[in-house]
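> Provide a 3D model corresponding to the input given below.
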Amino acid sequence: MDDLTVEGELYQPLPDKALRCYACGHRCLIREGRRGICKVRFNRDGKLYVPWGYVAALQADPIEKKPFNHVLPGSDALTFGMLGCDFHCDYCQNHLTSQALRDPASERSVNFVSRVSPEQVVAYALRSGSSLVASSYNEPLITSEWSLAIFRQATQAGLKCVYISNGNATPEVLEYLRPYLVAYKIDLKTMQDKQYRRLGGVLQNVLDGIRIAHEMGLWVEVVTLVVPDFNDSPEELMEAAEYIRSVSADIPWHVTAFHPDYKMTNTPRTLTNTLVRAAEIGQEAGLNYVYAGNLPGRVNEYENTYCPNCQTRLVERQGYTILGYQVTEKGACPKCGTNIPGIWTDQPETVRTGGFGMPRPVMR
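Alright, predicted model coming up:
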């Protein structure tokens, strides 16, 4: 894999051929011949080398799968991923890509790597009918140079670009991405720093990432996977909701259901009533847009978007499928005219409704 690299841009050279990487909040000090925490960024002769020229996953996904509920509902996002992550979550649902090079059980993912150019990725996006290009499946922050190369081409082709991230960002990497990135999904995994450190992160870095991304003008949506006996107490959920509210009441908060995966196969699934209660807590905290995910058809109104002023149902959903769409071409409620924050189409009549939004492989 080290052959599929180029010299990176998100670093500072230091004396004695050391360097400081600032692609993520770890800000790794990497000495010559060593690797960062992510395992995919490394120091060769005083220069930082970063992943380039391949994908480990590539498919067209409904934007609701990311999940984004206020970004072009009904659209597809051509989604690409590489290998590696700066966290090591025991319940990771993308561990075959994210934990490759760290966990021997995931190393077979290297066999599925496909060489590709930025131009080819964008061509796949256009051919699939996607409106967006998304970096996901592994942690995109640690492969930002590659993402930016694709995003430059995608923007020229009229596509919008989004990140699906753990939020362990730095101001430098967000400034680097900002000219091309329109939306940023962040996982807020827990409000306990001790628990974050178990996952390989620092709570404050993620809290700062939410605030900085919002202040930069990126459209931010936050996701909390509600894991039994890890982060599902009403007190902790309220603390998470109140923090998001302190940044902006208009940031959508998705509380999503856990299912056993990777190294957490003995933890039970999130109960429906637990997820609904989490969504209610978000509303009690003053958030205008709260969603419950991963349990389609079982969480009542928490799949839909409502006007916070008059409660008109603006977007009706079930899972990844849009059943009804009423947001105006100006991004407003048709009944009371309230502006609905987000990224909306100016051609609402073209929104895909009905049927089933499903992931679709695009490489042959």
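> ranges for the helices of the stretch 251-364 of the chain?
Secondary structure of the stretch 251-364 of the chain, counting by DSSP state H, counting those that start in this stretch: helices at 272-284.
> Show me where it dips below the pLDDT cut-off.
355-364 (pLDDT under 70).
> how does this structure divide into domains?
Following automatic domain parsing, one finds the domains of the chain at 5-51, 54-358.
> Could you dump those into CSV with mean neighbour count added?
To be clear about C-beta, it is placed using only N, CA and C from the backbone, and glycine gets the same treatment. Below are these laid out as CSV (neighbours: other C-beta atoms under 10 Å):
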stretch, mean neighbour count
domain 5-51, 18
domain 54-358, 19
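> Now do the same contact list for the closest residue to Asn94 other than its chain neighbours.
Among residues not flanking Asn94 along the chain, Tyr137 sits closest, at 5.1 Å (C-beta to C-beta, 6 or more residues apart in numbering). By C-beta atoms under 8 Å, 6 or more residues apart in numbering, the residues touching Tyr137 are 56-57, 79-82, 94, 97-98.
> which ones among those are found in helices?
97-98 (DSSP state H).
> and the contacts of Tyr137, which of them are in strands?
When the contacts of Tyr137 are checked against strands (DSSP state E), the matches are 57, 79-81.
> Which secondary structure state is assigned to Ala134?
strand (DSSP: H, G, I helix; E, B strand; the rest coil).
> for the stretch 101-250 of the chain, what spans make up the helices?
Using DSSP H, counting those that start in this stretch, helices in the stretch 101-250 of the chain cover 118-128, 144-156, 171-177, 193-199, 203-215, 234-247.
> who touches the third one?
Okay, so that is helix 171-177. Contacts of helix 171-177 (C-beta under 8 Å, 6+ apart): 9-10, 22-24, 141, 144, 147-148, 151, 163, 209, 212-213, 216, 218.
> Next: the last one.
Helix 234-247 is contacted from outside by 188, 190-192, 207, 210-211, 214, 220, 222, 224, 226, 231, 251, 253, 255, 277-278, 281-282, 284-287, 290, using C-beta under 8 Å, 6+ apart.
> Now do it against helix 272-284, angle only.
Computed by axes from the mean of the first three to the mean of the last three C-alpha atoms, to 10 degrees, the angle separating helix 234-247 from helix 272-284 equals 40 degrees.
> average pLDDT for helix 234-247?
Helix 234-247 shows a mean pLDDT of 98.
> and it, how far from the chain's centre?
Distance of helix 234-247 from the chain centroid (C-alpha atoms, centre = their mean, to the nearest Å) equals 19 Å.
> Alpha carbons of it, in CSV - could you do that?
In CSV, the C-alpha atoms belonging to helix 234-247 read as follows (Å, rounded to 0.1, in the frame of the first residue of the first chain):
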residue,chain,number,x,y,z
PRO,A,234,-30.9,10.2,29.6
GLU,A,235,-28.4,12.5,31.3
GLU,A,236,-25.7,11.9,28.7
LEU,A,237,-28.1,12.2,25.8
MET,A,238,-29.4,15.5,27.2
GLU,A,239,-25.8,16.7,27.6
ALA,A,240,-25.1,15.9,23.9
ALA,A,241,-28.3,17.6,22.7
GLU,A,242,-27.6,20.7,24.8
TYR,A,243,-24.1,21.0,23.4
ILE,A,244,-25.4,20.8,19.9
ARG,A,245,-28.1,23.4,20.8
SER,A,246,-25.3,25.7,22.2
VAL,A,247,-23.8,25.8,18.7
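> Could you tell me the angle between that helix and helix 203-215?
40 degrees.
> which one is the residue nearest the centre of the chain nearest to, not counting chain neighbours?
Compute the mean C-alpha point of the chain, and by C-alpha atoms, centre = their mean the closest residue is Ile164, 1.6 Å away. In this structure, Ile164 finds its nearest non-sequential neighbour in Ser136, 3.8 Å apart by C-beta to C-beta, 6+ apart.
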